[in-house]
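J.: Model the structure of this input:
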Amino acid sequence: MSKPTHFLDLDTIDAKELRRILDLAQAFKRGEGAAAPLAGKTLAMIFEKPSTRTRVSFEVAINQLGGHAVVLSQTELQIGRGETIGDTARVLSRYVDGVMMRTNLHEKLVDFANSGTIPVINGLTDRSHPCQLMADVMTYEEHRGPIKGAKVAWCGDGNNMAITWIQAAVKFGFELRLACPKELAPPRGDIDWARNHGAAIVELDDPYEAVRGADCVVTDTWVSMGDQASESRTRLLTPYRVDQTLMDRAPDAIFMHCLPAHRGEEVSADVLDGPQSVVWDEAENRLHAQKGILIHCMG
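T.: Numbers count the residues shown, from 1 in each chain. Okay, here's the model as predicted:
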């Protein structure tokens, strides 16, 4: 039996294959391609975390590709009563053609992929969110052309999305400027890995310096799912809020946010709803990127 094609992290997938996924996504958005390339295929979607965009975009995507989805929460699985991830993976491998998993611990995702015999897609973990990043690159290139050589500024928490942007800098060849509080910086190992693989990663304390002349400014919520809100966290991140004064340093940049957003916290309302924001295109492109990923894994 051939090894299944997973979509777990950008750092494990060849850059040419990532580009092929984006080409598929763009073709689907244009209405091109086979009418039902995944006819008869079933995708199980496991959610240990709440979801709007991931849930809806994957379910609509598999349906539009001719397949169908089975949606499962943790409370509906025997995982919640002590069955191991490995045993669950072995069972589901006998029923469905692929699994999309949105979980707390990245190790659960990897264990599932290693134990089963079907493709596994990372719908978000505490470490990374590669499906979102594919939609982000697609959105950037729709608005600004090829992302290779672009300058992307990340402002805020060095969370799972920041890690995924670091991985993407290697695969897509753009410069990534990281403006994060030192206490909430991305893991040193991920930054070192990216630099060792040729990425231009610039670490800055000053968000105004990070965004100056940038082509794209990105942020995320200050409290990711699984993190605890605190006054100290808010105090650390407040200087990194993306407001119009900050965006004025990058007048030609687009603004991205994976959503959900909290107006007045990590981003001001006038930026999120302003002319530089492409967040709604970004959200739409989750659907098209998901189709490319599903074909990559299950086609």
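
J.: His288: what's it in contact with?
T.: Ala25, Gln26, Phe28, Lys29, Ala135, Met138 (Cβ atoms under 8 Å, 6 or more residues apart in numbering). (Glycine included, C-beta is placed from N, CA and C.)

J.: which one is the third one nearest to, not counting chain neighbours?
T.: In other words, Phe28. In space, and not counting its chain neighbours, Phe28 is closest to Lys291: 4.5 Å by Cβ to Cβ, 6 or more residues apart in numbering.

J.: Helix or strand for that neighbour, just tell me which one.
T.: Take DSSP states H and E as the rule and Lys291 turns out to sit in helix 279-298.

J.: returning to that earlier point: out of the contacts of His288, which two are the most distant from each other?
T.: Phe28 and Ala135 (12.4 Å; Cβ to Cβ).

J.: who's more crowded, the two?
T.: Counted by other Cβ atoms under 10 Å, Phe28 and Ala135 do not tie: Ala135 has more neighbours, with 28 against 22.

J.: in this structure, which spans are strands?
T.: With DSSP state E, the ranges of strands along the chain come out as 42-47, 68-73, 98-102, 120-124, 151-155, 175-179, 200-204, 216-219, 254-257.

J.: So for the fourth one, mean pLDDT?
T.: Read it as strand 120-124. Averaging pLDDT along strand 120-124 gives 98.

J.: With distance to Val271 and pLDDT as extra columns, can I get the contacts of His288 in CSV?
T.: Output for the contacts of His288, formatted as CSV (distance: Cβ to Cβ, whole Å; pLDDT from 0 to 100):
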residue, distance to Val271, pLDDT
Ala25, 26, 98
Gln26, 27, 98
Phe28, 30, 97
Lys29, 26, 97
Ala135, 19, 98
Met138, 21, 98
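
J.: Out of these, which sit inside helices?
T.: Ala25, Gln26, Phe28, Lys29, Ala135, Met138 (DSSP state H).

J.: who's in contact with Gly66?
T.: Contact analysis of Gly66 by Cβ under 8 Å, 6+ apart lists Ala35, Ala36, Pro37, Leu38, Ala39, Gly40, Lys41.

J.: could I get those residues as JSON lines with neighbour count?
T.: As requested, these are exported to JSON lines (neighbours: other Cβ atoms under 10 Å):
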{"residue": "Ala35", "neighbour count": "8"}
{"residue": "Ala36", "neighbour count": "13"}
{"residue": "Pro37", "neighbour count": "17"}
{"residue": "Leu38", "neighbour count": "23"}
{"residue": "Ala39", "neighbour count": "11"}
{"residue": "Gly40", "neighbour count": "9"}
{"residue": "Lys41", "neighbour count": "19"}
